[in-house]
Structures are given as C-alpha cells and as structure tokens.
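S.K.: A structural model of the following input is requested.
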Amino acid sequence: MNVIIHRGASEIGGTCIQLSTDNTTILLDLGLPLNKDSRHIDVAALKPDAVLISHPHQDHFGLIDVLDPGIPVFIGELGKKLIDATRTLLGNPLHTNNFHHFKSWEPFSLGDFTVTPYLVDHSAVDAYGFLIEAEGKKIFYSGDFRAHGRKSILFDNMIKKPPTDIDLLFMEGTMMQRNNDLFPEESDVEQKIYETIRSQENISFIISSSQNIDRIVSAYRGCKRTGKTLVIDIYTAWVLEQLKLVSDSTPKMGWELIQVYLTHKQHETLKDHPEFFGDFRQRLYQYRVLKEELQANPAGYLFFGKMSHFRTIDLYKRVKPVNVIYSQWLGYLSCSDNEYYGAEAMAGYQDDPLVNFVYAHTSGHATVDDLKRFAEVLKPKMLVPVHTQHPQNFILISDSVRSLPDGITMTL
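M.R.: Sure, this is the predicted structure:
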C-alpha cells in the first residue's frame, strides 16, 4: 500500500492524505487550508475512488467543491446536514458531490479497503477517526479529537478497547506547543460564563462556533443557573434542530430560556427555501425575541453569536459595559477581516472601555498528555504526525514516530 500526505505534515488545516493499493485509491479528508501560503493540491489530478471526510470543518472538507462530482464522498449524516445549512443560509448552492453516509463502528468496503468509523470527542459534532484495512495492513487516522469535552466517554472507551495491531497511526498534533491550562475542561468554561453573566447590568455576548455544541450547552447551563435567557441566531437554531438525529438532551428552540433572534435577511432566506427548512420558519415565530425586547431588558440576555455580530454588539455599548465572552482560539484575533469577518473588531474589544472582554475557551484538540495516552494504547508500529505545526515534537509522544513530509510516497 502506498501512502502520501498531500498536505498536513507540518501545518494545521487543509489536511489531505492518500492511500492507494494497485486497484483502489482513497483520500482521508480534502480540506481547505488555513494558510494562504499552503502547499497547493491539484485535486483534479488525484482522481480518487472515494473520499472520507472526518468532520464538517472547512479545513477538512472545504475542497470537495473542486472534486469530480461523480466521486463518492463519505461523511456522517449529521455532518452533511450542517454543511448544507451553512451554504443555504449564506445563499450558496448545495454541493453536487455524490454523498454517502456511514455509521460509527459499522465497517464498510471501498474497493480493496475496509473502513470502520470511530465517533470521537471534538468541538465539531459528528466527528470521526477511521480504521482502514487493506493488504494485511491496518492504518488508523485520528482526525481531530480530544479527551476533555462533554463527550469524553468516547475517548475513554477508545482507551479501554482500542483497535489493535496498528501498523500506521496518523495522529493530529494541534496542541503540541499549546496548553489548556486556563480552562482544562468544558465545565471550567461553563463556570466562567456563569461568573460573567450572573450580575451583569447590560447584555452579554458569547462568541463561538454554532457547531461547538459543548459551548452551546455551557452557555445554556450558565443561563439556567442565573435565570438569563439564551438568544441564538437562525443558524444556531437550525444546527440544534439537526441534533435531534442523535440526541434529545441537547438544548434547542422550544426549551425554557431559549429564544431566537431573527433578522429580515435570514427570514427571506428561509422563505426562499421551504423545501429545505420545512415548517422550521413557522415554528421560529413562537420563540422569536424582538430587538425591542432585548433593548428593554438587556441584562436579562446572553446572546450566542459569531465574530461577524460585532455590529449588533456595538448597538448595546452604553455607559455600562457590554460583556463579550470570547470563546474561540485566540489566534483568530490576529487575523484580518479578509480571513475572518469581524476579527479586527473583536480584537479591538480587548481595549474598548465599553466592553468587558472575557476569554473562556477550552480547545477542541487533544492535549499533549492525552496524545501520549492515545499513542501508548494504540501501540502503532509507526506514528506519523499530521495536522500540526511541530511534527518534530512528536518524539516526546512515542518512540515509533516517523516524519513523512508532504508529497513524499511511502510504501507500507
């Protein structure tokens, strides 16, 4: 079997790994790079027989747009729904790829390969690692994972009953030179949210990804503890609706202390796509909160938003400061608006006297200690770093580390 990392050996994001036998070629992720100077991939020239997408983050699926639409793309059902929702609400056409779904721990065949998806704990829902078997060899691709989220039982179960006889482990290393010391677990983030909003005199905003379900749960639990109302936008409300596929215990529209903020533009988008949203638009009105209601009692609300909501934040800056709970990677604040709309405004809030800027975030990626535990239990004959800026540091993780630079073919 031949193995090539097209991108990801020494950078975070844009991951793409190719596995080939004489008869079958598959790709593990086909991600949009986060770095504009990233190594270019000629997607059309790859011509895989299938693509496996580990989870619905752009840096893992974002290049399927340029893939031949006839090539099968395998992704979790919930992950596909979330990708579709993003595109629809932004007014973009849906992908035309040949999508197929899989279920966790249920093996399926792709030519010479047998693939078993493993549901993992990550800041994105419906995230998977993959066990891939062919020609008597076993490869495990970790995808993005962690051990400290609300789904940490998935990591614990993997540690208790790991896949065995692994010849090659592709393991992410996002946190190789970072730490999680300020907020080791999601419960620590929840506590900070609670402490910030419990005595607020103006509205609070929490800035995070709508796909970070753990963070939505933390925000809701903070609201429950303080009697505040959690305000979500349409996209977040739709994401929570889709989670009915896998859970009835996740906060959603219709629950106590949850209301939805509906803009005219978003309303028109829903109205234009009845075939996609069904009765969702009609049900929204039962739980809608008006701008006037927020302005009449701003201290009663926590608004779950994105960096692009900075104009809404500015509307509420008065004599009494607005709480802005920044709950994402701090590195985004160094980006320009061309990369992440609202990043410059969000960075400016750190020194704004009318903003109480609060950082409360735990990583979506495994710490170094948990990477060590993972590698020790899987006992791979060879460990190849991916999704990391510091592959050289993996020598601290395992004695079986082997560097495989982008573009180099290795025969397993």
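S.K.: And the helices in the stretch 201-350 of the chain, which stretches?
M.R.: Along the stretch 201-350 of the chain, counting by DSSP state H, counting those that start in this stretch, helices occupy 213-226, 234-242, 264-272, 274-277, 280-284, 291-296, 310-315, 343-348.
S.K.: among the ones you listed, which gets the worst mean confidence?
M.R.: Lowest mean pLDDT within the helices of the stretch 201-350 of the chain: helix 264-272, a mean of 77.
S.K.: buried sites along the helix or strand hosting residue 6?
M.R.: Using DSSP states H and E, residue 6 falls within strand 2-7. Neighbour-count burial for strand 2-7 flags 3-7 (criterion: 16 or more other C-beta atoms under 10 Å). All C-beta spots, glycine's among them, are computed from the backbone N, C-alpha and C.
S.K.: for stretch 201-221, same thing?
M.R.: Those would be 202-221, for stretch 201-221 by 16+ other C-beta under 10 Å.
S.K.: my guess is residue 387 contacts residue 173, does it?
M.R.: Yes. Residue 387 is within contact range of residue 173, at 6.5 Å (criterion: C-beta atoms under 8 Å).
S.K.: Return the member of the buried residues of strand 2-7 nearest to residue 377.
M.R.: residue 3 (22.3 Å; C-beta to C-beta).
S.K.: Helix or strand with the lowest mean pLDDT in the chain?
M.R.: helix 264-272 (a mean of 77; mean pLDDT, DSSP states H and E).
S.K.: Domain-wise, how is this protein divided?
M.R.: Domain assignment of the chain by automatic domain parsing yields the ranges 2-178+364-411, 186-359.
S.K.: Mean pLDDT lowest where, among these?
M.R.: domain 186-359 (a mean of 92).
S.K.: For the residue lying closest to residue 1 once chain neighbours are set aside, give its distance to residue 251.
M.R.: Closest residue in space to residue 1, ignoring its immediate chain neighbours: residue 412 at 4.7 Å, by C-beta to C-beta, 6 or more residues apart in numbering. Distance, residue 412 to residue 251, using C-beta to C-beta, to the nearest Å: 45 Å.
S.K.: about what we covered before: name the residue in residue 387 and residue 173 with the higher neighbour count.
M.R.: Per other C-beta atoms under 10 Å, whichever of residue 387 and residue 173 has more neighbours is residue 387, with 28 against 22.
S.K.: Please determine how far that one is located from residue 7.
M.R.: For residue 387, the distance to residue 7 - C-beta to C-beta - is 10 Å.
S.K.: So what does residue 119 look like in phi/psi?
M.R.: Here is the backbone geometry of residue 119 (degrees, to the nearest 10): phi -60, psi 130.
S.K.: Sticking with the nearest residue to it once chain neighbours are set aside, tell me its helix or strand.
M.R.: Spatial nearest neighbour of residue 119, excluding adjacent residues (C-beta to C-beta, 6+ apart): residue 104 at 3.9 Å. Residue 104 is part of no helix or strand when elements are defined by DSSP H and E.
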